[in-house]
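Visitor: sequence? don't have it. structure:
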DNA sequence: TTCATGTGTCAGATAATCCTGACATGTATC
DNA sequence: GATACATGTCAGGATTATCTGACACATGAA
């Protein structure tokens, strides 16, 4: 997501990265998840109970957010051997303007996104 | 979309409005449309040829953008009696941060958006 | 009238997203 | 072992979003 010292805008993000971030944000559940995590880190099972969402669904949304670089997940071991996956918001700043968008669009690929 | 003098962020937008704007932006075609229109206003048939998109499809995307307040359409009459619908980008500035999102989420409705 | 231009809309197919209910893995406790 | 809690994944259904190919209506010019 790129975190500069002062005022970064969308520059620094490729068109594809911008699109991925916007797609991740374009969902009420994911916005709520970000809002809750902004209040403090949490692990997925607890968070699922917190916001009354099925765990598999929450898992999917968190992956989408993490793929966009908006949250960061860390697998930790509790005092007991329990594996806990904690998520927290990744500090970000996106300054969306017509100019910034026009700039980012220059580096938008056709969609043949591979990656595997 | 709210256009203040200096630095407005997402505040001033309700959660629903923010979600609508993000959803409108979360599409490669619509980003491209914004980028092209940022270079100058245009009417839909011409724009459709420009970006090689079917007119009904472009029409739909433009409606989505207009509903989000990102573009403005004006129906004008050319010198001949032809009705031309010109679109232009509405100047906007969205400062997306975890804080701003958490703030906007407070005014997010459950989804029962009526309006008719 | 016919052709070329512009507008808008609609039904239906395709594609993507979202969501649920399993299932499998692991550890610690009763 | 059975229970409780954590993790991840998958198949399939339900719901949206996207897109195309018509259709409608206008105007001006040949």
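Guide: Right, received. Where do you want to start? Fair warning: this is a prediction, and the values are worked out from it, not measured in the lab.
Visitor: tell me which residue of chain A lies closest to DNA strand D.
Guide: In chain A, the residue found nearest to DNA strand D is residue A:45; the distance is 2.9 Å by C-beta to the nearest atom of the strand. Where C-beta positions appear, they are placed from N, C-alpha and C, glycine not excepted.
Visitor: and that residue, what is it in contact with?
Guide: With contacts defined as C-beta atoms under 8 Å, 6 or more residues apart in numbering or on different chains, the neighbours of residue A:45 are residue A:55.
Visitor: tell me which element it falls in.
Guide: When elements are assigned from DSSP states H and E, residue A:45 belongs to helix A:44-50.
Visitor: once you drop chain neighbours, what's closest to residue A:109?
Guide: residue A:16 (5.8 Å; C-beta to C-beta, 6 or more residues apart in numbering or on different chains).
Visitor: neighbours of that neighbour, how many?
Guide: 15 (other C-beta atoms under 10 Å in any protein chain shown).
Visitor: go ahead and confirm it touches residue A:110.
Guide: No: between residue A:16 and residue A:110 there is no contact under C-beta atoms under 8 Å: 10.3 Å.
Visitor: give me the pLDDT for the closest residue to residue A:32 other than its chain neighbours.
Guide: Distances taken as C-beta to C-beta, 6+ apart put residue B:105 closest to residue A:32, at 5.7 Å, once the chain neighbours are dropped. At residue B:105, the pLDDT value in this model is 97.
Visitor: pull the contacting residues for residue B:105.
Guide: With contact set as C-beta under 8 Å, 6+ apart, residue B:105 has these partners: A:31-32, A:34-35, B:15.
Visitor: ok, residue A:31 next?
Guide: With contact set as C-beta under 8 Å, 6+ apart, residue A:31 has these partners: A:25, B:15, B:18-19, B:101, B:104-105, B:108.
Visitor: who wins on neighbours among the residues you listed?
Guide: So for the contacts of residue A:31 (other C-beta under 10 Å), the most neighbours sit at residue B:18, 26 neighbours.
Visitor: the helix or strand where residue A:36 lies close to DNA strand D?
Guide: In this assignment (DSSP H and E), residue A:36 forms part of helix A:28-38. No: using C-beta under 7 Å from any atom of the strand, helix A:28-38 stays clear of DNA strand D, coming no nearer than 10.5 Å.
Visitor: so where's chain A shaky on pLDDT?
Guide: Regions of chain A meeting the criterion pLDDT under 70 cover residues A:1-9, A:11, A:111-116.
Visitor: 90 instead?
Guide: By pLDDT under 90, the low-scoring segments of chain A are A:1-12, A:79-81, A:110-116.
Visitor: chain center to the lengthiest helix in it, what's the gap?
Guide: Longest helix of chain A, by residue count under DSSP state H: helix A:55-67. Between the mean C-alpha point of helix A:55-67 and the mean C-alpha point of its chain there is a distance of 9 Å (C-alpha atoms, centre = their mean, to the nearest Å).
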